[in-house]
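Enquirer: test case, fold it:
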Amino acid sequence: MILSKLLMSMSNNKNKLIYIYKICRPDYLIKQIFFFFGTFLGFCFAPNTEINYINFFLILLSIVLASSANYVLNEWCDRIPDSFHPVKKKRPIPLGKLQFIDVFATYFCLLTLVISILFKYEVILIIKIIVFCILINGILYNQLPFRFKDKVFLDVFSESINNPLRFMTGWLAVSYAYPPLTLILGVWLSGYFLMNCKRINEIHTWQGSKKEMKKYRPSLIRYTENKLILLSFILCLGAISSITIFFSIYKIEFCLLIPLIILAMAQYLRISFSNKDKIINNPNFIFSDKLISLSIGAFIIFSPILFKIEIPILRELFAKGFLPL
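Expert: Numbering: from 1, shown residues only. Below you'll find the model as predicted:
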């Protein structure tokens, strides 16, 4: 019945389909890079001997649809705060282009598709739990009375938790084992760092008054650039340390990629203090920065090469014990 109402509504106004497409945020698909990063490392270090590629595609589809469901919920719950933002006030819902029935029906359809995929096909229990965690996190982040989005530091924590969940799903889709805790921690801290930089940029580029900022996002008013910069350094150090520990245990040659990760993170932090808010707020534009593109490109090119080779001198330098005189 809800779906039929949505279809009737769209037949009366063809533009609604475009607006519904927009609130699902297909341009945020780049965030699934964490899924593919997990897939790559899972396939390298603990590959499953029998990978079901149809199941792999369905797992990826369920993650994409769950993310879109969260974005739809976010668009509706943020309709009032977004009206105080100079750019977000032009989104379809604040402009009144979509009504509650349109948004609810879209969310309901996405949710139904996710549940159908998870329970109709052979998806392991842990992946089902992870996908449901992503959906529950979306409710906690956006919906009252929880709305972590308006709570200082908890907003960044809640938003960043989706990255290790995507990573774990990608790993488990091709692996027989769970990913190491050091790697999960490194991915989560990296995501936390990215979200923290987003907050820095929001404060740095805000053009309205403090009163308008409070109406848009109450948590922003309690942040200061100094606090966020300090947190960025802590997160960066934690992420690099965790990833380095993982590389040094499982594949020492991968440690040669660490400078590329540091370079990308340093450049991202630098951009957060500039007026290039489009790069920070829209993941699609992240590759418009040459230095970040170069770092990610080099990482993608050299990681499979380093996985296939061994560098004896590197293993000697990092071997347990002391190097004799």
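Enquirer: what's the neighbour count on residue 251?
Expert: When neighbours are counted by other Cβ atoms under 10 Å, residue 251 registers 17. Every C-beta, even on glycine, is put in place using the N, C-alpha and C of the backbone.
Enquirer: quick one, phi/psi of residue 47?
Expert: phi -70, psi 140 (degrees, to the nearest 10).
Enquirer: for it, list the residues it contacts.
Expert: Listed by Cβ atoms under 8 Å, 6 or more residues apart in numbering, the contact set of residue 47 reads 174-176.
Enquirer: do that again at 10 Å, thanks
Expert: Shown in contact with residue 47 (Cβ atoms under 10 Å, 6 or more residues apart in numbering): 174-177.
Enquirer: can you tell me how far it is from residue 249?
Expert: Going from residue 47 to residue 249 by Cβ to Cβ, to the nearest Å gives 18 Å.
Enquirer: leaving out chain neighbours, which residue sits closest to residue 298?
Expert: Distances taken as Cβ to Cβ, 6 or more residues apart in numbering place residue 260 nearest to residue 298, at 5.4 Å, with adjacent residues excluded.
Enquirer: residue contacts, that neighbour?
Expert: Counting by Cβ under 10 Å, 6+ apart, residue 260 makes contact with 294-300, 302-303.
Enquirer: between those, which is closest to residue 33?
Expert: The closest of the contacts of residue 260 to residue 33 turns out to be residue 296 (Cβ to Cβ; 8.6 Å).
Enquirer: tell me what the host helix or strand of residue 41 is packed against?
Expert: Using DSSP states H and E, residue 41 sits within helix 33-45. In this structure, helix 33-45 packs against helix 53-77, helix 162-172, helix 181-205, helix 225-250, helix 290-308, with contacts taken as 3 or more Cβ pairs under 10 Å, 6 or more residues apart in numbering; DSSP states H and E.
Enquirer: would JSON lines of the ones you listed with mean neighbour count and distance to residue 135 be doable?
Expert: Shown next, in JSON lines, are those (neighbours: other Cβ atoms under 10 Å; distance: least, Cβ to Cβ, whole Å):
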{"stretch": "helix 53-77", "mean neighbour count": "20", "distance to residue 135": "5"}
{"stretch": "helix 162-172", "mean neighbour count": "25", "distance to residue 135": "10"}
{"stretch": "helix 181-205", "mean neighbour count": "22", "distance to residue 135": "18"}
{"stretch": "helix 225-250", "mean neighbour count": "17", "distance to residue 135": "26"}
{"stretch": "helix 290-308", "mean neighbour count": "14", "distance to residue 135": "29"}
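Enquirer: picking that back up, out of the contacts of residue 260, which is nearest to residue 95?
Expert: The shortest approach to residue 95 among those belongs to residue 296, at 34.8 Å (Cβ to Cβ).
Enquirer: which one is the closest one nearest to, not counting chain neighbours?
Expert: Nearest in space to residue 296, with sequence neighbours left out and distances taken as Cβ to Cβ, 6+ apart, is residue 264 at 6.4 Å.
Enquirer: over to residue 75?
Expert: residue 23 (4.4 Å).
Enquirer: pretty sure the one you found contacts residue 94?
Expert: No - the pair residue 23 / residue 94 is not scored as a contact, 11.1 Å apart, by Cβ atoms under 10 Å.
Enquirer: now do the shared contacts for these two.
Expert: residue 75.
Enquirer: neighbour-wise, which of those two wins?
Expert: Counted by other Cβ under 10 Å, residue 23 and residue 94 do not tie: residue 23 has more neighbours, with 22 against 19.
Enquirer: cheers, nothing more for now.
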